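In: sequence and predicted model, in that order:
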Amino acid sequence: MEASDGESRKRKKESGSGSETEEDENLLKSLQQSNGKHLSDASPQASLYDEEELMEPEPNIRSIELVDRVISTPKIEAQLPASYKDCWNTTHVKFPCSSRNTYQKSGKILSKWYLIQSVLTSPSLLSSLDLEEAIREYNPSINDFGGLHHFLNEVLTEEESVKFLSETLIFIITLALKLPHLFSHPLPILQAGFEASIDLSQIQIASILANAFLCTFPKQGGSASSTFIRCPEINFGNLFSGTGWKRECTSSQAAKLRCVLNYFDRIFKKYSADELTNKCMSKMSFQRKIISNPPDWENSEKILTNLKIERKNFIEDSTWKFLQVDFANKMIGGGVLGRGCIQEEIRFMINTELISSLLFCAEMEDDEAILILGSERFSNYSGYSQTFTWEGDFQDETPRDPMGRLKTQIVAIDALHFGNFTEIRMQQFEVRNILRELNKAYIGFSGAHPGSQIATGNWGCGAFGGYHDLKAMIQLMAAAQLDLDVSYFTFGVSGLGDSLDEVHSILREKNITIGRIFKRLEAIGKERSKSSIGSLESEEAPQVFTILIEEFEQ
């Protein structure tokens, strides 16, 4: 129901106000016993909130009554389960439930996990303002919730808002607090320079995303030996922030939030509270792949494989028999939890479980790719960038493999970023950059299942400044080196499909090897370098397709 100007909120936040109950003392004593070496011998946290009444909300803030809740909140657990093995270092995920996750108050060191449980299980969590106050209690770095308030109170219908506050939010909290029960072993970070893989159940991923939604995760990575591990930010704080002086959410931001809520609603329908265990059969795998022996591109005798031009569909529409390419950022996910809303961000929103990779996939190096198996699609959409719109639920009917994973194959490969300035964009014709992109595509495509094809498109173009013809040819060459056929999705770029089809047909018909194509691309770079000194800003890019046709058509 809507809170009007004249209404005053009579609810009070739970408060100790200096008088600590016996139950609170027992809880904290148990907590200190389980985490003893990391906690000071402190008295229980006396007051998580001020005892004074909450300020009256703005007129458009919706709230519910406690009796409106469909499911009950979980209970505080003073002790971590015996199966939980703690770990707090730069090469493993730092979980919010770790005994090392602490904060100081009044000179005392206290458990942040206990604080998180306390505020999230409060019976007065009945509006978006209450949710903001709860999150800021344990994560004060999140200070802008304008977009979330606008979304929950003005974008959603009143019925949808009530459903979120009375049902979905409580389920998210339940999932989040299950975390120590779902991870009995430390979760390693897939760091640069090491080939490794991680298998997670659907419930483990749901708990990760629930904690990310509630912004409970500490900062990941840091200095390790002689390296520095950089990980993306997985907490949803940036997605909650507002835009403009009214601090509202944009239409594409609202679409992202609808994708997220639809995902949690789907998980809620699939699992009851008693089924939130690791016994669920649905799984996903995440693997960091590293190229060990790059091909000798200059002397390759391979020829181009079969090519199909897709002018209307999108990569995610291809079947499980395709390795689907994610046009990734080197920090996987890119701006998925911010304002980014292009190919990678959209894919991560409609296949919401992909967002979990932000927690444990460190920044990619030039010779690396991240292969993800078993991702489920939950949402339909239309539009792109600022026109991205959530179009309802999607039922993914992809079959499963013997491990319980959907047979969906996705590979994240990051292209070089050249931007929009001609002088910088021209650098992509330099041999070192052509080799980098060839090897990046090669290591990514090498993860395809036997008998698969590649589903790709304008990788590294758009905001990254790549030239369509050069990037397309690089990907065809990488796929050919692995004997993989390609479906190329043109994303509406006028004339690209016809031009690519023409040059491909000629190169195939003439049995032109990958080595010969590489040498011609290498020559283009050298010719450009010699002829363009001092005139880069006015120089036009080499027309790769035209040059290859003229070279090999005779």
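Out: All right, it came through fine.
In: all contacts plus neighbour counts: C-alpha atoms, from now on.
Out: Noted.
In: mind listing what the spatially most central residue of the chain touches?
Out: In the chain, the residue lying closest to the centroid (Cα atoms, centre = their mean) is residue 355, at 2.8 Å. Counting by Cα atoms under 8 Å, 6 or more residues apart in numbering, residue 355 makes contact with 209, 234, 333, 336, 348-349.
In: got TSV for those residues, with distance to residue 253, pLDDT and neighbour count too?
Out: TSV is the format used below for these (distance: Cα to Cα, whole Å; pLDDT from 0 to 100; neighbours: other Cα atoms under 10 Å):
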residue	distance to residue 253	pLDDT	neighbour count
209	17	98	27
234	16	98	27
333	15	98	29
336	10	98	25
348	13	98	26
349	11	98	28
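In: format those as TSV; extra columns: secondary structure and distance to residue 506.
Out: Formatted as TSV, the contacts of residue 355 follow (DSSP: H, G, I helix; E, B strand; the rest coil; distance: Cα to Cα, whole Å):
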residue	secondary structure	distance to residue 506
209	helix	49
234	coil	47
333	coil	37
336	coil	40
348	helix	37
349	helix	39
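In: what is the biggest helix by length in the chain packed up against?
Out: As assigned by DSSP state H, the longest helix anywhere in the chain is helix 251-270. Other elements packing on helix 251-270 under the criterion 3 or more Cα pairs under 8 Å, 6 or more residues apart in numbering; DSSP states H and E are helix 343-350, strand 379-382, strand 389-393.
In: where does the helix or strand containing residue 308 sit relative to the chain's centre, distance-wise?
Out: Element membership for residue 308 (DSSP states H and E) is strand 307-310. Its chain's C-alpha centre and that of strand 307-310 lie 28 Å apart, by Cα atoms, centre = their mean, to the nearest Å.
In: parallel or antiparallel, which strands does it pair with?
Out: Applying DSSP bridges, strand 307-310 is found paired with strand 486-489 (parallel).
In: pLDDT weak spots in the stretch 201-350 of the chain?
Out: 224-226, 272-281 (pLDDT under 70).
In: what number of residues lie near residue 72?
Out: Using other Cα atoms under 10 Å, residue 72 has 14 other residues around it.
In: which residues touch it?
Out: With contacts defined as Cα under 8 Å, 6+ apart, residue 72 is in contact with residue 170.
In: can you classify it as helix, strand or coil?
Out: What DSSP: H, G, I helix; E, B strand; the rest coil gives for residue 72 is coil.
In: please report the distance of it from residue 116.
Out: 17 Å (Cα to Cα, to the nearest Å).
In: I'd like the average pLDDT over stretch 467-484.
Out: For stretch 467-484, mean pLDDT rounds to 98.
In: how about it as CSV, C-alpha atoms only?
Out: What follows is stretch 467-484, C-alpha atoms only, in CSV (Å, rounded to 0.1, in the frame of the first residue of the first chain):
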residue,chain,number,x,y,z
TYR,A,467,36.7,-3.0,-38.2
HIS,A,468,34.0,-5.5,-39.2
ASP,A,469,35.9,-7.0,-42.1
LEU,A,470,39.1,-7.6,-40.3
LYS,A,471,37.5,-9.0,-37.2
ALA,A,472,35.3,-11.3,-39.3
MET,A,473,38.2,-12.7,-41.2
ILE,A,474,40.2,-13.2,-38.0
GLN,A,475,37.4,-15.3,-36.6
LEU,A,476,37.0,-17.4,-39.7
MET,A,477,40.7,-18.1,-39.7
ALA,A,478,40.7,-19.2,-36.1
ALA,A,479,37.7,-21.5,-36.6
ALA,A,480,39.3,-23.0,-39.7
GLN,A,481,42.4,-23.8,-37.8
LEU,A,482,40.2,-25.9,-35.5
ASP,A,483,38.1,-27.4,-38.4
LEU,A,484,35.0,-25.7,-37.0
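In: list the buried residues of it.
Out: Of all the residues in stretch 467-484, those buried under the rule 16 or more other Cα atoms under 10 Å are 467-481, 483-484.
In: give me the neighbour count for the nearest residue to residue 171 once chain neighbours are set aside.
Out: Of all residues not flanking residue 171 in the chain, residue 268 sits nearest, at 6.9 Å (Cα to Cα, 6 or more residues apart in numbering). Counted with other Cα under 10 Å, residues neighbouring residue 268 total 18.
In: now swap in residue 494 and tell me
Out: Residues lying near residue 494 (other Cα under 10 Å) number 10.
In: same check on residue 546?
Out: Neighbours of residue 546 under the rule other Cα under 10 Å: 13.
In: what about it, which SS state?
Out: Classification of residue 546 using three-state DSSP returns helix.
In: list the contacts of it.
Out: residue 503.
In: residue 426 reaches residue 524, doesn't it?
Out: No. Using Cα atoms under 8 Å as the test, residue 426 is too far from residue 524 to be in contact (11.0 Å).
In: per-residue pLDDT, residue 149?
Out: As predicted, residue 149 sits at a pLDDT of 97.
In: correction: residue 419
Out: Listed pLDDT for residue 419 reads 90.
In: near it, how many other residues are there?
Out: Neighbours around residue 419, by other Cα under 10 Å: 15.
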